[in-house]
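A.B. asks: need a 3D model of the sequence below.
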Amino acid sequence: SSAFFGCENLLSVSFPKCETIGRAAFGECTGLTSADFPSCTNIDSNAFYSCTGLTYAKFSVCTNVGVSAFISCTSLTSIDFPECTELSDYVFFNCPNLVSVNLPKCTSMDYHTFNSAGFSFVNLPQCTYVGNRVFMNCKKLASISLPVCTSIGTNAFHNCINLSYIDLPACEQVGLGAFNQCYS
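C.D. replies: Okay, the predicted model is just below:
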């Protein structure tokens, strides 16, 4: 926990055998531009919060991402988590430049996971549950595919003003205001 917290001049890290990243380990490392941890399976809460220079995150075998792990990574443009099955609260909250998301095995997302992200399309082929406010304020989101999703939480897509295509063939439950203020 907090191993490199606030190391503003830290530009890159390489830990090929690291399996767990502790709480706030790289928090506020504003100079850090990329994170690639090929053996990491677990990222604790706030691990990379406010890493404002971070543009790319790749975690090839990570299955668990903790609360607020990448919150306010305002330069983050791309994430690659091919084995991740679950995203906690606020993981990518306030990542306005996040445009590329690879989460092919993700089955559930909790409260505010992608709130205010910048992507225009999301495909989550294994996701069965979208929690409350997960995509809230994703104003560039135009299309989303959730082919096996059965439950959408309250205000899940609130204020997604450009949302024009939704693929939810298996959905059985839609929360209050899930698509509120989706003008398209």
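
A.B. asks: who's in contact with the residue nearest the centre of the chain?
C.D. replies: Among the residues of the chain, Phe92 comes closest to the average C-alpha position under CA atoms, centre = their mean, at 3.9 Å. For Phe92, the contact set (CB atoms under 8 Å, 6 or more residues apart in numbering) comprises Phe70, Ile71, Cys73, Leu76, Ile79, Leu98, Thr113, Phe114, Ala117. (C-beta placed from N, C-alpha, C; glycine too.)

A.B. asks: what does Phe157 give?
C.D. replies: Phe135, Met136, Cys138, Leu141, Ile144, Leu163, Ala178, Phe179, Asn180, Cys182.

A.B. asks: got a ChimeraX select line for the buried ones in the residues you listed?
C.D. replies: To isolate the buried subset of these in ChimeraX, counting by 16 or more other CB atoms under 10 Å, use the following:
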select :135,136,138,141,144,163,178,179,182
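
A.B. asks: tabulate the contacts of Phe157 in TSV, adding columns for secondary structure, pLDDT and distance to Ser88.
C.D. replies: Shown next, in TSV, are these (DSSP: H, G, I helix; E, B strand; the rest coil; pLDDT from 0 to 100; distance: CB to CB, whole Å):
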residue	secondary structure	pLDDT	distance to Ser88
Phe135	coil	96	16
Met136	coil	96	16
Cys138	coil	95	18
Leu141	coil	94	21
Ile144	strand	91	20
Leu163	coil	93	24
Ala178	coil	96	20
Phe179	coil	95	24
Asn180	coil	94	24
Cys182	coil	87	25
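
A.B. asks: Thr150: which of the contacts of Phe157 is nearest?
C.D. replies: Ala178 (13.3 Å; CB to CB).

A.B. asks: thought that closest one was touching Cys149?
C.D. replies: No: using CB atoms under 8 Å, Ala178 is not in contact with Cys149; the gap is 11.4 Å.

A.B. asks: mind checking how far the nearest residue to Phe179 once chain neighbours are set aside is from Gly175?
C.D. replies: Counting by CB to CB, 6 or more residues apart in numbering, the nearest residue to Phe179 once its immediate chain neighbours are dropped is Phe157, at 5.1 Å. Distance of Phe157 to Gly175, computed by CB to CB, to the nearest Å: 10 Å.

A.B. asks: try Glu19
C.D. replies: Counting by CB to CB - Glu19 and Gly175 are separated by 36 Å.

A.B. asks: ok so, going back, now render the contacts of Phe92 as JSON lines, adding pLDDT.
C.D. replies: Below are the contacts of Phe92 laid out as JSON lines (pLDDT from 0 to 100):
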{"residue": "Phe70", "pLDDT": "97"}
{"residue": "Ile71", "pLDDT": "97"}
{"residue": "Cys73", "pLDDT": "97"}
{"residue": "Leu76", "pLDDT": "95"}
{"residue": "Ile79", "pLDDT": "92"}
{"residue": "Leu98", "pLDDT": "95"}
{"residue": "Thr113", "pLDDT": "95"}
{"residue": "Phe114", "pLDDT": "96"}
{"residue": "Ala117", "pLDDT": "94"}
